[in-house]
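**Student:** Quick one, what's the 3D model for this:
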Amino acid sequence: MKRRVLICLVVMTCLLPWEEASRAQVAGARLVGAVTDETQAVLPGATVSVTTVETGIRRTTTTDTAGRYVFANLSPATYDLEASLPGFKTTMRRGIILTVGSEVATNLTLSVGDVTEQVTVVGEAPLVETRSGAVAGVVEERVIRDLPLNGRSFTDLIQLEPGVVRTRAANKAALSGLGDKMSLGGARPHQMSFLLDGADLMSRNNTNPSGVSGLMMGVESIQEFRVSTSAFSAEFGRNSGGVVSAVTKSGTNEFHGTVYEFLRNDNLDARSFFDRDKPEFERNQFGFSVGGPVFRNKTFFFGNYEGLRQRLGGTFADTVPTLDARRGVLPNATVQVAESVKPYLALYPLPNGPELGGGVARYFWSGSTNTNQDDFVVRLDH
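**Tutor:** A predicted model of the protein is given here:
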């Protein structure tokens with residue numbers, strides 16, 4: 001008995017971090033439409049099914065008295081839509097592509113005939129969004145995969161959409177957030193929302209999410225994301241700025257995975273104008289992803305790990321006393337340097353840059369910081 005209670009407590013503790021996701025906005029897509037006959041008369045009670053091509057997962061509903069159907073919160077994927085009713089031929093529309101946050105209207109027309117007969121139509125993606133007035137764009141998986149990313153932070157691709165501007169962030173800190181600050185549609189950076197699978201990832205100070213490196217890693221785990229700059233749905237009404245809604249990949253009926261490593265160092269870098277010596281720089285990003293079925297056509301898993309090991313050097317400038325100032329020789333006067341002060345003056349390094357006047361000069365020095373970051377993504381679909 002005690003063992004069972006302990007197991008229940010452990011499971012409940014593991015589920016606590018997901019409580020926020022249960023209250024989050026919906027990140028999926030909607031498929032809506034109507035079922036009619038050849039005379040355009042509505043057909044209530046028709047059975048409508050939608051099947052995910054990659055996984056074979058099937059969802060079924062029936063049309064209402066007006067012949068309408070709705071499939072809500074569908075994952076971004078390619079779908080086959082099927083409608084049937086006794087006395088009519090079964091009609092199927094293949095290749096319907098749904099993107100994150102989209103709403104696609106697909107009407108089906110049934111012809112009189114045997115239900116075992118089937119009419120198949122190849123679907124085409126609409127060129128213009130007619131179901132919503134939102135100003136938004138979708139960055140697809142192909143773009144995320146193929147475009148080069150310095151640092152492999154997929155949030156850099158947000159700037160591909162019109163109306164997005166990266167702002168200067170002079171107050172980056174652990175408490176205020178290390179992520180890039182972006183303005184969507186002219187709004188202030190802290191007014192935007194950043195969603196991952198519907199869960200809000202904004203920091204406690206409402207700044208963009210990131211790791212200790214300032215990067216939002218995990219490119220291999222992102223399927224696509226949608227950038228909405230204005231006139232978006234009321235479900236995203238928590239903040240007055242734009243909305244970035246990303247979805248992670250899911251497993252399919254086939255096992256698939258990747259292994260990768262990206263290395264960059266200072267061997268191919270040049271010294272900048274202000275560097276006395278070429279700063280040390282080494283960035284090593286590595287990881288793997290794997291996905292597949294737990295039970296075919298029913299339960300799927302996907303996992304991704306990405307690690308960052310970075311040593312970043314830089315040239316810094318400080319102000320120190322000149323050699324004359326250490327001896328008490330100032331531009332407008334000469335003073336006696338007390339013996340008790342001399343040990344403290346000796347703590348200042350000798351200047352190695354130009355004099356600035358007033359008894360001070362520049363001192364340039366090189367330093368480096370080490371950054372280690374690990375990102376994990378685990379997803380289970382059933």
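
**Student:** Quote the end-to-end distance of stretch 328-336.
**Tutor:** 6 Å (CA to CA, to the nearest Å).

**Student:** what does stretch 197-211 give?
**Tutor:** Start to finish, the residues bounding stretch 197-211 are 18 Å apart (CA to CA).

**Student:** how far is it from where the chain is centred?
**Tutor:** 10 Å (CA atoms, centre = their mean, to the nearest Å).

**Student:** residue ranges with poor pLDDT in the stretch 201-350 of the chain?
**Tutor:** 205, 237 (pLDDT under 70).

**Student:** which residues of it fall in strands?
**Tutor:** Using DSSP state E, counting those that start in this stretch, the strands found in the stretch 201-350 of the chain span residues 222-230, 243-248, 256-265, 281-295, 299-321.

**Student:** With the stretch 51-200 of the chain instead?
**Tutor:** Using DSSP E, counting those that start in this stretch, strands in the stretch 51-200 of the chain cover 58-62, 68-74, 77-84, 90-98, 103-105, 108-110, 118-122, 135-139, 164-166, 182-184, 193-196, 199-200.

**Student:** Out of those, which is closest to Leu350?
**Tutor:** In terms of CB to CB, the element of these nearest to Leu350 is strand 164-166, at 39.7 Å. From N, CA and C alone the C-beta is placed, and that goes for glycine too.

**Student:** Give the pairing partners of that closest one; include direction for each.
**Tutor:** Next to strand 164-166 in the sheet, as set by DSSP bridges, lie strand 182-184 (antiparallel).

**Student:** Now tell me what touches the strand it pairs with from outside.
**Tutor:** Outside of strand 182-184, the residues within contact range by CB atoms under 8 Å, 6 or more residues apart in numbering are 155, 158-159, 163-167, 189, 192, 208, 227-229, 241-244.

**Student:** how about 10 Å then?
**Tutor:** By CB atoms under 10 Å, 6 or more residues apart in numbering, the list of residues contacting strand 182-184 from outside reads 135, 155, 158-159, 161, 163-167, 169, 189, 191-194, 208, 227-230, 239, 241-244.

**Student:** Mark which of those residues are buried, thanks.
**Tutor:** Buried members of these, scored by 16 or more other CB atoms under 10 Å, are 135, 155, 158, 161, 163-164, 169, 189, 191-194, 208, 227-230, 239, 241-244.

**Student:** Domain ranges for this protein, per the record?
**Tutor:** Per the record, the chain has its domains at 30-122, 132-248, 250-382, by automatic domain parsing.

**Student:** most tightly surrounded among the strands of the stretch 201-350 of the chain?
**Tutor:** strand 243-248 (a mean of 24; mean count of other CB atoms under 10 Å).

**Student:** returning to what we had before: so which of the strands of the stretch 51-200 of the chain is the most surrounded?
**Tutor:** strand 193-196 (a mean of 24).

**Student:** Can you list the strands that that strand pairs with?
**Tutor:** Using DSSP bridges, the strands paired with strand 193-196 in its sheet are strand 199-200 (antiparallel), strand 243-248 (parallel).

**Student:** And the ones you listed: which comes nearest Ala105?
**Tutor:** Counting by CB to CB, and looking across all of those, nearest comes strand 243-248 at 20.4 Å.

**Student:** Put the alpha carbons of the closest one into PDB.
**Tutor:** Below are the C-alpha coordinates for strand 243-248, written out as PDB (Å, rounded to 0.1, in the frame of the first residue of the first chain):
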ATOM      1  CA  VAL A 243       2.500  36.100 -31.000                       C
ATOM      2  CA  VAL A 244       5.100  33.500 -32.000                       C
ATOM      3  CA  SER A 245       3.600  30.000 -31.800                       C
ATOM      4  CA  ALA A 246       5.900  27.100 -32.400                       C
ATOM      5  CA  VAL A 247       5.200  23.300 -32.400                       C
ATOM      6  CA  THR A 248       7.600  20.500 -31.800                       C
END
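
**Student:** Centre of the chain to that strand, how far?
**Tutor:** Relative to the mean C-alpha coordinate of its chain, strand 243-248 is positioned 6 Å out (CA atoms, centre = their mean).

**Student:** Sweet, I'm off.
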